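Asks: sequence and predicted structure, then a few things I'm wondering about:
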Amino acid sequence: MSNSCSLLTSISSSPNTVWPRVPPVHPSGEQKEQQDGSAKEELSTKEDNGTKDNKDQAECCSVAWQDMMSVENDFPSRTHCLSRWYGLHNFIVLSPGPQMDEITTESRLNLLLSSVTIALNNTGCQTPIFVQAHQKWRKLFYGRSEFPGFSTNYEMVHLKTVPQQYSHLAGLLDVFKAKLSSPVSPAPPVSVTVRFTYLLQDWVHYGWPQAPPDFDSNSDIGFTDFGDLPFGACEDPVSELHLSATWPSLSEEMIVEDDVYSDLDPLQAPHWCIRVRMTDSPTCLLGDFLLDFVQLCRKTESTNQLLSKSLLSPTSETDVDVSQALSRLTEPAPIPLPSLGTVVTSATSKLAMKPEEAPIPNDLLNKILLFLFPDAKSDAMDVDKVDTGHGGASDDMSSSKSDSSQTLNEQSKEMFKQFKSAPVDSLPYRLAVCMCIINHSYGGVRAVAHLWQEFVLEMRFRWENSILIPDLAAGSPNMGCSLLFQKLQMLNCCIERKKAHEALQSESSTPSNDILASTPMEVDTEDNKKEQKECSTSSDEEEFFECVESSDEASVPPRDTSIGGGGDAKLRRRRSKRAMDAEKRRSSMKQKSDDDQSLLEESDTPSFTDTLTHQPEGRLRPYNDLYLLNIPGEQLYVPITQEPAPMTEDMLEEQAEVLAKLGTSSEGAHLRARMQSACLLSDMEAFKAANPACTLGDFVRWYSPRDWVEEETVDDTGKVTVKGQLSQRMQIPGNMWLEVWQSAKPVPCRRQRRLFDDTKEAEKVLHWLAAMKPADVATRLMPMSVHAAIATIIAQGENHLPSLQTLLGQITMKATQAMRAPHMDCHRFEELMNKLAQAEMIITRAQSLHTKFNEERHDVDISDDALSSFVSTLLDQPEVDIVGAARGPLGIIIQRLFATAQKSAGLFNLSEDERDGEEYTSRSSGSSDFPTPVGKEYILRTTVPRPAPWSRPSPQRMYCVLLKDDFRLAGAYSTDTTFQ
C-alpha cells in the first residue's frame with residue numbers, strides 16, 4: 001500500500017492541479033466522420049433499449065450501494081472499522097508506509113484523491129478506495145468510488161468531544177439534510193437505525209471469587225488442602241457487560257429524540273444483543289502455580305547448597321579433649337569399624353535443622369508427611385494395614401482424597417491411560433501436588449529441597465524397617481507410568497522380598513541348639529555329624545538365598561526426622577517400629593514353638609536323618625498327570641522357583657546397552673546368552689531338587705511344552721504307543737539349554753543364589769532419589785503435575801464448552817507426547833502449562849457468568865441447559881442476540897442485573913437519612929432500570945437526486961457514533977455525473 005501511495009502521489013507535478021473525472025478526448029477529422037456515421041444507429045436503438053441500459057447500470061452500481069443501504073450490514077460484531085461505518089464488504093485502503101510522512105495537509109489529500117479518481121475511471125474499477133490521513137490513531141479515511149454515471153464521496157469528521165447540539169437524533173438529522181442540500185421539495189424521508197449501548201460493571205451480588213485466606217496457617221488465597229491444586233481467578237475475570245438495544249429502520253417521523261424528550265426506551269427496543277469484556281490478564285491460581293513449578297526445572301542449586309546454612313553443626317559422641325589426642329593414638333585399643341547401621345544413623349542425625357531457619361515449619365511438615373504417608377498416623381496404627389497398604393489408600397486417606405478423582409468420568413479415565421504419569425491419589429501424584437503448592441506458597445526452591453530431603457529419609461526409614469510404601473500398585477514396576485513411580489514400586493518390591501527373606505530366615509533358624517540338645521539320640525550319632533559337615537561344606541561353597549544380617553545392621557534405630565525440635569513425626573515412627581517389632585516377636589515365638597514341636601515329632605521317627613538328606617526339596621504341587629521319563633511311576637512335581645527380577649525402564653535400557661557392547665562375535669554371543677540364562681539356570685536347579693533322577697526331557701515338558709514332540713506308533717501287535725522326544729532346536733549340539741542343564745545342580749529355591757538382590761537394588765533406588773537436585777525433582781514430578789492439573793480442570797464440570805473441548809484435545813495430545821518423550825523437555829511442559837492456564841481462564845469466565853445470571857434467575861422460566869448454552873455462546877462469539885429482547889427469559893435476567901446495579905448505585909450516592917426517607921423511595925420507583933447509555937450509534941439513509949432536481953436518485957448514508965470522548969460522522973454521498 002505504501003508503494004501505491006507514493007506512485008499515485010508522483011502522477012501530478014503541481015500540487016494545485018485538479019484533475020477532471022474523465023479526461024477530454026479531441027478526435028481527428030476522420031474519426032469525427034466515423035462517429036457521425038454511427039451516431040444515427042445509436043440514436044435509433046437507444047429508445048428501444050432504454051430499459052435494458054437502466055437495468056445494466058443498476059447492476060453495475062448494486063454491489064457497493066446495496067452494501068451501504070442494507071440493514072443487515074448495520075452494526076457488525078467484529079469487522080474492519082470502515083465496514084462498520086459504511087457497511088461495505090470490499091474496499092481498498094491506501095495508507096503511508098512506516099518510513100513515510102503522514103498526510104496532514106488538505107492539498108496533499110486532495111491531490112491523492114484526484115489521482116485515485118483518475119485511476120478508477122481509467123481502469124473501470126468499481127471498488128471504493130480510501131486514503132488514510134492525519135494521525136493513525138484518529139482513523140480518518142477519505143475515499144472515492146466511481147460507477148457508470150455516478151460518483152460517491154466518502155467523508156469523515158472526528159472530534160474529541162460531543163457538541164451539545166448534535167448529541168441527539170434531531171441535531172444529527174439537521175446535519176445530514178444540510179449536507180445533502182436536496183434540490184427537490186419536499187425532501188424524501190430519512191430512514192433511521194438507532195443503537196444504544198448500556199454498560200454494567202458493578203456486580204452487586206458477585207462476591208470474592210476465591211475463599212479468603214487462612215491467616216492462622218499463613219496460606220494463600222484459594223488454598224484448601226494439599227490434596228488439590230488451587231483453581232480459579234483471584235479477581236473477577238468478567239469486567240463489563242455491554243447491552244445494545246437496537247431500533248432498526250425507523251422513519252424519522254416515527255421517533256423523537258432531542259434535548260427534552262426521547263421515545264427510545266430500551267425496554268421497548270425490538271432487538272437486544274450483549275457482549276462481555278474480560279479482565280486483562282487476571283491472576284489465576286492454577287496457571288501461576290504450574291508456571292512457577294516449571295521455572296523450578298531451570299534451577300541449578302543442589303539440596304546441600306540450599307540447606308547447608310540451616311543444618312546444625314555435627315556433633316560426635318567420641319569428641320574428647322584435644323590434650324589426650326597423642327595418648328589415644330598410642331593406646332593399643334582396637335579400631336572400631338563402623339557398620340552400615342551406624343553410618344546411616346549418623347548421616348540422618350546430621351540433617352537436623354535449626355528451628356528458626358527451617359524452610360518449612362515443623363507443624364506444617366508433620367501435616368504434609370501425614371498426608372503423604374497416611375499409614376503412619378500414630379493414633380490409629382494398624383500393623384496389618386501397614387503391611388498391605390501398598391495396593392491402595394488407607395481408610396484415613398479416603399476422607400482427604402481430592403474431589404477430582406470422584407468426578408472423573410469414564411472418558412477422562414480413558415484419556416489418562418495415555419499419560420505416562422501415575423494413578424490418581426497415588427503417592428507420586430500427591431507428592432507432585434504438594435511440591436507445586438510448597439514451591440509457590442511456602443518458601444520456593446528451599447522448601448522443595450527440604451520436603452524432598454524428608455521424603456528421601458522416609459524412604460530410607462521404610463526400607464530399613466521393612467514398612468511398605470503406601471498407595472502404590474503391587475507387583476513389578478509398571479512401564480506405563482513415570483520413572484519416579486517405577487522407582488518407588490521397585491523399592492516396594494525390595495521391601496517385600498526383604499520381608500519374605502526375613503520370614504524364611506526365621507523359619508530356618510527355628511531348629512536351635514536347645515532343641516537338638518534335648519534330643520540325646522541326635523547328638524552323638526555319626527550320621528548327624530556327617531550331615532553337619534556336609535551342610536558346613538555346602539555353606540562355604542555356595543551363597544545361600546537367606547543370609548543372616550549382623551546385629552548392628554539388624555538393630556538400626558529409627559531415624560530422627562524431626563526438623564526444628566522433634567514432634568509428631570518422630571513419635572509416630574517410633575511407635576510404628578515398636579508395634580511392628582512386637583508383632584514380629586509374637587509371630588516368631590509362635591512359629592518357633594510350632595517348629596520345635598514338629599521337629600520333636602520327626603526326631604522320634606527312624607527316618608529322621610534320611611528326611612533331611614535324601615528326600616526331594618522345594619516341591620510346590622504335582623504337575624497334571626505327568627510322570628518322570630526314567631521312572632514311570634514317579635510323579636513329576638512343579639518346583640518352587642524364584643520370581644523374576646523386577647526391572648524399571650532405565651534398568652532395561654542399561655541392560656540393553658551392556659548386551660549391545662558385547663559385539664557380534666561368537667564369544668560375545670555366548671556371553672550374552674549366558675547372561676540372559678540366569679533365570680533358566682535357577683529354574684533348572686529347583687526342578688532337579690524337586691524331581692530327583694529327572695532328565696532334560698522332563699524339564700522341557702514342564703517349562704516349554706512346545707519343544708516336546710510326541711508321535712504315535714503302532715507295533716506289530718497293533719498296540720498304539722506314544723513316544724516323545726525333544727524338538728529339533730533342543731537337539732542341536734552345544735545349544736544353550738543343554739549346556740545349562742549339564743551345569744545345573746539340584747539346589748532348592750531357598751538355597752539358591754538370589755536372582756534379585758533386594759539390598760543392592762534398594763540402595764540403588766535410594767541413591768537415585770538422594771542424588772536428585774530440586775530441578776530434577778520438579779522435572780520427574782512434571783508428568784504428575786500436568787495430570788493433576790488436567791484432572792482439576794475436568795472436575796470443574798465445564799466440559800460442554802466448545803472452546804474448552806478443543807483446547808483439552810490439544811492439551812491431551814501435547815501432554816502424551818511430552819510424557820512419553822525419551823527425555824523430559826521443560827520447554828514442552830512450559831507450553832503445556834500455558835495452555836492449561838488458558839483452559840483455566842475459559843472455565844473461570846464461564847463460572848463467573850453463571851454466577852451472575854443465576855443470582856437473578858428466580859421465577860424465570862429457563863432451563864440449566866439453555867443457560868449453559870447461552871454462556872458458552874457468549875464466550876465463543878463476540879456478540880450474542882437475546883431472543884425476545886426485554887420480554888424473553890434472558891432479557892428479564894439482564895434487566896434485573898441492571899436494575900440491581902442502579903439501585904445499589906443510588907444507595908451509594910445518598911446519605912443514610914436519604915436512604916431511609918420517603919424521598920428516595922419515590923425517586924427510585926420512578927427511575928429507569930438502565931443507566932445513561934455510554935454509546936449512541938445512528939445510521940441515516942435516504943435516496944435523493946443530486947446535484948440537480950433532474951439528476952437521477954442516488955443512495956445517501958451517514959453513520960454517527962457518540963461516545964464519552966469520541967464524536968465521529970462518516971458520510972457516503974452520491975452524485976449523478978451524467979445529469980448534473
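Replies: In hand now; what should we look at? Numbering: from 1, shown residues only.
Asks: okay but A693 is in contact with Y627, surely?
Replies: No: using C-beta atoms under 8 Å, A693 is not in contact with Y627; the gap is 11.6 Å. In short, each C-beta sits where N, CA and C put it, glycine included.
Asks: what do those two both touch?
Replies: E634 (C-beta atoms under 8 Å, 6 or more residues apart in numbering).
Asks: so where's the stretch 101-250 of the chain uncertain?
Replies: For the stretch 101-250 of the chain, the stretches with pLDDT under 70 are 204-224.
Asks: redo that, cut-off 80
Replies: Where the stretch 101-250 of the chain drops to pLDDT under 80, the residues are 203-227.
Asks: can you give me the strands in it?
Replies: 129-133, 140-147, 150-159, 191-200, 238-251 (DSSP state E, counting those that start in this stretch).
Asks: okay, those strands in a markdown table with mean neighbour count and distance to A771 next?
Replies: Compiled in a markdown table, those are given as follows (neighbours: other C-beta atoms under 10 Å; distance: least, C-beta to C-beta, whole Å):
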| stretch | mean neighbour count | distance to A771 |
| --- | --- | --- |
| strand 129-133 | 23 | 64 |
| strand 140-147 | 23 | 67 |
| strand 150-159 | 18 | 68 |
| strand 191-200 | 21 | 58 |
| strand 238-251 | 18 | 49 |
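Asks: could you dump these to JSON lines with distance to L173?
Replies: Conversion of those to JSON lines gives the following (distance: least, C-beta to C-beta, whole Å):
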{"stretch": "strand 129-133", "distance to L173": "26"}
{"stretch": "strand 140-147", "distance to L173": "23"}
{"stretch": "strand 150-159", "distance to L173": "16"}
{"stretch": "strand 191-200", "distance to L173": "8"}
{"stretch": "strand 238-251", "distance to L173": "11"}
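Asks: quick one: closest of those strands to K487.
Replies: K487 lies closest, by C-beta to C-beta, to one member of the strands of the stretch 101-250 of the chain: strand 238-251, at 45.5 Å.
Asks: sheet-wise, list the partners of that closest one with their directions.
Replies: If you go by DSSP bridges, strand 238-251 pairs up with strand 191-200 (antiparallel), strand 271-278 (antiparallel).
Asks: closest one to A839 among those strands?
Replies: Across those, closest to A839 is strand 271-278 (C-beta to C-beta), at 14.8 Å.
Asks: using CSV, list the CA coordinates for the helix or strand that comes right after the closest one.
Replies: Using DSSP states H and E, the helix or strand that follows strand 271-278 in sequence is helix 285-295. C-alpha atoms of helix 285-295 as CSV (Å, rounded to 0.1, in the frame of the first residue of the first chain):
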residue,chain,number,x,y,z
LEU,A,285,-4.2,-19.7,40.7
LEU,A,286,-3.7,-22.9,38.7
GLY,A,287,-1.7,-21.2,36.0
ASP,A,288,0.5,-19.3,38.5
PHE,A,289,1.3,-22.5,40.5
LEU,A,290,2.1,-24.5,37.4
LEU,A,291,4.2,-21.9,35.7
ASP,A,292,6.2,-21.3,38.9
PHE,A,293,6.8,-25.1,39.2
VAL,A,294,8.1,-25.2,35.6
GLN,A,295,10.5,-22.4,36.4
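Asks: what's helix 285-295 packed up against?
Replies: Judged by 3 or more C-beta pairs under 8 Å, 6 or more residues apart in numbering; DSSP states H and E, helix 285-295 is in contact with helix 427-441, helix 774-794, helix 826-855.
Asks: need the residues that contact it.
Replies: 210, 221-222, 229-234, 435-437, 439-440, 778, 782, 785, 789, 792-793, 826, 829-830, 833-834, 836-837, 840-841.
Asks: 7 Å - rerun?
Replies: 222, 229-232, 234, 436-437, 439-440, 778, 785, 789, 792, 826, 829-830, 833, 836-837, 840 (C-beta atoms under 7 Å, 6 or more residues apart in numbering).
Asks: what of stretch 732-744?
Replies: Against stretch 732-744 from outside (C-beta under 7 Å, 6+ apart): A673, S677, L680, L681, M684, E685, K688, L696, F699, R729, M730.
Asks: looking at this, G697 is in a helix?
Replies: Yes: residue state for G697 (DSSP: H, G, I helix; E, B strand; the rest coil) corresponds to a helix.
Asks: please name the nearest non-neighbouring residue to it.
Replies: L629 (5.3 Å; C-beta to C-beta, 6 or more residues apart in numbering).
Asks: show me what I92 is bridged to.
Replies: With DSSP bridges as the rule, I92 is bridged to I129.
Asks: V184 and S191, how far apart?
Replies: 17 Å (C-beta to C-beta, to the nearest Å).
Asks: can you check N90 too?
Replies: 23 Å.
Asks: now swap in L140 and tell me
Replies: 26 Å.
Asks: repeat for P632
Replies: Relative to S191, and taking C-beta to C-beta, P632 is found at 112 Å.
Asks: same check on P802?
Replies: Taken as C-beta to C-beta, the span from P802 to S191 is 38 Å.
Asks: quick one on the thing from earlier: among the strands of the stretch 101-250 of the chain, which is nearest G444?
Replies: Among these, strand 238-251 sits nearest to G444 (C-beta to C-beta), with 31.7 Å.
Asks: tell me the angle the closest one makes with helix 826-855.
Replies: Using axes from the mean of the first three to the mean of the last three C-alpha atoms, to 10 degrees, one finds that strand 238-251 and helix 826-855 are set 60 degrees apart in direction.
Asks: using CSV, write out every CA atom in stretch 839-855.
Replies: Output in CSV follows, covering the C-alpha atoms of stretch 839-855 (Å, rounded to 0.1, in the frame of the first residue of the first chain):
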residue,chain,number,x,y,z
ALA,A,839,-8.3,-23.6,29.9
GLU,A,840,-8.5,-22.3,33.4
MET,A,841,-9.3,-18.8,32.1
ILE,A,842,-12.1,-20.1,30.0
ILE,A,843,-13.6,-22.0,32.9
THR,A,844,-13.4,-19.1,35.3
ARG,A,845,-15.1,-16.8,32.8
ALA,A,846,-17.9,-19.3,32.4
GLN,A,847,-18.3,-19.8,36.1
SER,A,848,-18.4,-16.0,36.6
LEU,A,849,-21.1,-15.6,34.1
HIS,A,850,-23.1,-18.5,35.5
THR,A,851,-22.9,-17.0,39.0
LYS,A,852,-24.0,-13.6,37.8
PHE,A,853,-27.0,-14.9,35.8
ASN,A,854,-28.1,-17.4,38.5
GLU,A,855,-28.4,-14.6,41.1
